[in-house]
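J.: okay, predicted coordinates and the sequence, questions at the end:
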Amino acid sequence: MQKTMVIKKSLVDFCHASTLISLDAELLCCYFGGSREGKADVGIYLSRQTSAGWSEPQLLVNGAEANWNPVLCAYNNQLLLFYKEGQAIASWRTYVLRSQDGGRNWSRPEELVPGDMSGGRGPVRNKCIVLRDGTLLAGGSVERGLWTAFVDRSTDGSCWEQSAPVFISGLTYGGGEKTAESDIAVSRQSFYGRGIIQPSLWESSPNQVHMLLRSSEGYIYRSDSDDGGRGWCPAYPTELPNNNSGLDLVHASDGRLYLVCNPVAANWGMRSPLSLFCSVDNGKTWQRLLDLENQSGEFSYPAIINVGEKLYISYTWQRENIAVVELSLAEAN
């Protein structure tokens, strides 16, 4: 297992929420950073890994309000970068940049769904997936009182169709109720709300799509669709603990699912250890393979991709850097 640090010279006081993509034998990594999560100076940065190592961070976006949760996506012969903008998570907006040359030059930002004030269309944090029929799926969610998830579908990367909502049946939340006390350095508004957010998607067979979800309920939740992501069953708990923090998975070339998360069963619980799990039965059961980090601190918000016989995993390292781990599928098993 090989680990590298993305930011060689820190330009910001903190960084968080990385996204990874592989293009032409190079890795691209985006993340948000600034003085503190939720502050107006927080922008979106890009670093590129070549044979010479990671490039110095390039500031791509620095809007008038806080920016959050970049997501890189290659679709229809262009590279897309989605991100959120807004001081209030409950009403943030999704913007997109487009590149025709592998992320060296970018278009001006455009709102993904013009006039949307629903809490952010398109991908909320985790990577998009392309179905076998060519449809692009983006996992979204809304953090307003009772948190719910959804999927946005597109056949051209520009026009989007929103799915039915995904929710936990019977869950209740009192307006204005703070659900936890925590020293985690997040925007304080995050501690108000309950439910499921930030889906990570995979397709097991044509039209059979699934998601794992971050939750406030102590476990990772799951939902399933049998119509290509338009409709979803109510979310149900898995066997996997969750600390109400980000997770990500990939359906790899060896047919297995690989999941990275903090296996801590507490709402706003510790963000360590950060562990890699594997499933050989479409997510019904999971085996813990290894800990990427297990010391005290914050190691969180992973992104995982599969390139050939390798897995690449990026994650927040103590809010000071972004770590990237490379390991072979053979190492993982």
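T.: Okay, I see it.
J.: quick one: end-to-end distance for stretch 100-113.
T.: 21 Å (CA to CA, to the nearest Å).
J.: in it, what counts as buried?
T.: 103, 106, 109, 112, 113 (16 or more other CB atoms under 10 Å). Using the backbone N, CA and C atoms, a C-beta is placed for each residue, glycine as well.
J.: could you do stretch 45-64 as well?
T.: Of the residues in stretch 45-64, 45, 46, 47, 48, 49, 54, 55, 57, 60, 61, 63 count as buried by neighbour count, 16+ other CB under 10 Å.
J.: quick check, the second one in a strand?
T.: Yes: counting by DSSP: H, G, I helix; E, B strand; the rest coil, residue 46 is located in a strand.
J.: dump the residue contacts of it.
T.: 28, 29, 30, 57, 58, 60, 81, 103 (CB atoms under 8 Å, 6 or more residues apart in numbering).
J.: out of those residues, which one sits closest to residue 239?
T.: Closest to residue 239 out of these is residue 29 (30.9 Å), distances taken as CB to CB.
J.: pLDDT on the helix or strand that the closest one is a member of, on average?
T.: Under the criterion of DSSP states H and E, residue 29 resides in strand 26-34. For strand 26-34, mean pLDDT is 96.
J.: name the strands paired with that strand and say parallel or antiparallel.
T.: Strand pairing for strand 26-34, using DSSP bridges, gives strand 14-23 (antiparallel), strand 43-50 (antiparallel).
J.: any idea how far the residue minimising distance to the centre of the chain lies from residue 294?
T.: With distances taken as CA atoms, centre = their mean, residue 126 lies nearest the centre of the chain, 2.6 Å away. Going from residue 126 to residue 294 by CB to CB, to the nearest Å gives 23 Å.
J.: and if you look at residue 260?
T.: According to CB to CB, residue 260 stands 13 Å off from residue 294.
J.: residues contacting residue 6?
T.: With contact taken as CB under 8 Å, 6+ apart, residue 6 is in contact with 18, 29, 31, 47, 49, 54, 57, 314, 321, 322, 323, 324.
J.: including distance to residue 265, could those residues go into TSV?
T.: Listed next are these as TSV, based on distance: CB to CB, whole Å:
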residue	distance to residue 265
18	25
29	30
31	27
47	34
49	35
54	35
57	35
314	24
321	27
322	26
323	24
324	27
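J.: quick check, nearest of the residues you listed to residue 152?
T.: Of all the contacts of residue 6, residue 152 sits closest to residue 18, with 21.3 Å by CB to CB.
J.: kindly tell me how buried residue 291 is, as a neighbour count.
T.: By the criterion of other CB atoms under 10 Å, residue 291 has 14 neighbours.
J.: please enumerate the helices of the protein.
T.: Assigned by DSSP state H, the chain shows helices spanning 329-332.
J.: what's the first-to-last distance across stretch 61-81?
T.: One end of stretch 61-81 sits 10 Å from the other (CA to CA).
J.: stretch 110-129 now?
T.: Using CA to CA, one end of stretch 110-129 lies 21 Å from the other.
J.: again with stretch 61-68
T.: End-to-end distance for stretch 61-68: 10 Å, by CA to CA.
J.: make 25 the first number, not 1, from now on.
T.: In the new numbering, first residue 25, that becomes stretch 85-92.
J.: hmm, who's touching that stretch?
T.: For stretch 85-92, the external contacting residues (CB under 8 Å, 6+ apart) are 41, 56, 58, 61-68, 107-111, 113, 116, 119, 121, 133.
J.: now the residues you listed: which count as buried?
T.: 41, 56, 58, 61-62, 66-68, 107-110, 113, 116, 119, 121, 133.
J.: returning to what we had before: among the buried residues of stretch 69-88, which pair sits farthest apart?
T.: Spanning the widest gap among the buried residues of stretch 69-88 are 73 and 87, at 26.3 Å by CB to CB.
J.: ok, residue 103 - contacts?
T.: Contacts of residue 103 (CB under 8 Å, 6+ apart): 45, 47, 52, 96, 97, 122, 123, 124, 126, 127.
J.: quick check: pLDDT value at the nearest residue to the first one once chain neighbours are set aside.
T.: For residue 45, the nearest residue in space outside its immediate sequence neighbours is residue 96; the separation is 4.1 Å by CB to CB, 6 or more residues apart in numbering. Per-residue confidence (pLDDT) for residue 96: 98.
J.: more neighbours, residue 284 and residue 318?
T.: Neighbours per residue, other CB under 10 Å: of residue 284 and residue 318, the larger number sits with residue 284, 25 against 12.
J.: these two touch, right, that one and residue 264?
T.: No: using CB atoms under 8 Å, residue 284 makes no contact with residue 264, being 11.3 Å away.
J.: which residues are in contact with both of those two?
T.: Residues touching both residue 284 and residue 264 (CB under 8 Å, 6+ apart): residue 301.
J.: tally up the residues packed near residue 274, please.
T.: Neighbours around residue 274, by other CB under 10 Å: 22.
J.: from memory it sits against residue 328, does it?
T.: Yes: in this structure, residue 274 is within contact of residue 328 by CB under 8 Å, at 4.8 Å.
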